[in-house]
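*Asks:* Test case, fold it:
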Amino acid sequence: EVQLQASGGGLVQTGGSLRLPCATSGFVFDDYAIAWFRQAPGKQREGVSSIRISNGDIYYTDTVKGRFIISRDNVRRIVYLQMNSLKPEDTAVYYCNVRRDGNDYWGQGTQVTVSS
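*Replies:* This next block holds a predicted model:
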């Protein structure tokens, strides 16, 4: 069974940092890309960053480039999203995702709130 568990969210002031781990199980870790999405109240879910485990190819949406860093721990099967220089507009529920055999699997989400 594919499982993803996101954690690490919280309340932080503008300019602060958080690190979100996504723990995974139930699939061959090296074969897929893991992505982080976020959804703010009243807005659509948007892709934030992704990493292809096998070769380390990385994507960032423009609004987080230079501030967020995605990385992976192949042994522990965890993907991290390091979020620096946080802004109020980063406030959202953050989800990790893997697409396997055409199906999307999601973690339960972790709330990030950035106060101004």
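*Asks:* Not counting its own residues, what contacts stretch 10-23?
*Replies:* By CB atoms under 8 Å, 6 or more residues apart in numbering, the list of residues contacting stretch 10-23 from outside reads 4-9, 34, 36, 76-88, 94, 96, 107, 110-116. All C-beta atoms are positioned from the backbone trio N, CA, C, and that covers glycine.
*Asks:* whoops, stretch 37-57 was the one
*Replies:* Residues contacting stretch 37-57 (CB under 8 Å, 6+ apart): 29-36, 58-61, 64, 68, 70-72, 74, 79, 81, 89-97, 109, 112.
*Asks:* Tell me the buried residues in it?
*Replies:* By 16 or more other CB atoms under 10 Å, the buried positions in stretch 37-57 come out as 37-38, 48-53.
*Asks:* okay, that stretch in PDB with CA atoms only?
*Replies:* Extracted in PDB, the C-alpha atoms of stretch 37-57 (Å, rounded to 0.1, in the frame of the first residue of the first chain):
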ATOM      1  CA  PHE A  37       1.800  20.800  -3.500                       C
ATOM      2  CA  ARG A  38       0.000  23.400  -1.500                       C
ATOM      3  CA  GLN A  39      -3.500  24.700  -1.200                       C
ATOM      4  CA  ALA A  40      -4.400  28.000   0.300                       C
ATOM      5  CA  PRO A  41      -7.900  28.800   1.500                       C
ATOM      6  CA  GLY A  42     -10.200  29.500  -1.500                       C
ATOM      7  CA  LYS A  43      -7.500  28.700  -4.000                       C
ATOM      8  CA  GLN A  44      -6.700  25.700  -6.200                       C
ATOM      9  CA  ARG A  45      -4.000  23.200  -5.200                       C
ATOM     10  CA  GLU A  46      -0.700  24.200  -6.900                       C
ATOM     11  CA  GLY A  47       2.600  22.400  -7.500                       C
ATOM     12  CA  VAL A  48       5.400  23.800  -5.500                       C
ATOM     13  CA  SER A  49       8.400  21.500  -6.100                       C
ATOM     14  CA  SER A  50       9.300  18.000  -7.200                       C
ATOM     15  CA  ILE A  51      12.300  15.800  -7.300                       C
ATOM     16  CA  ARG A  52      12.900  12.700  -9.400                       C
ATOM     17  CA  ILE A  53      14.500  10.200  -7.100                       C
ATOM     18  CA  SER A  54      16.600   8.300  -9.600                       C
ATOM     19  CA  ASN A  55      18.500  11.200 -11.100                       C
ATOM     20  CA  GLY A  56      17.800  14.200  -8.800                       C
ATOM     21  CA  ASP A  57      16.000  16.300 -11.400                       C
END
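*Asks:* Right, I'll call it a day here.
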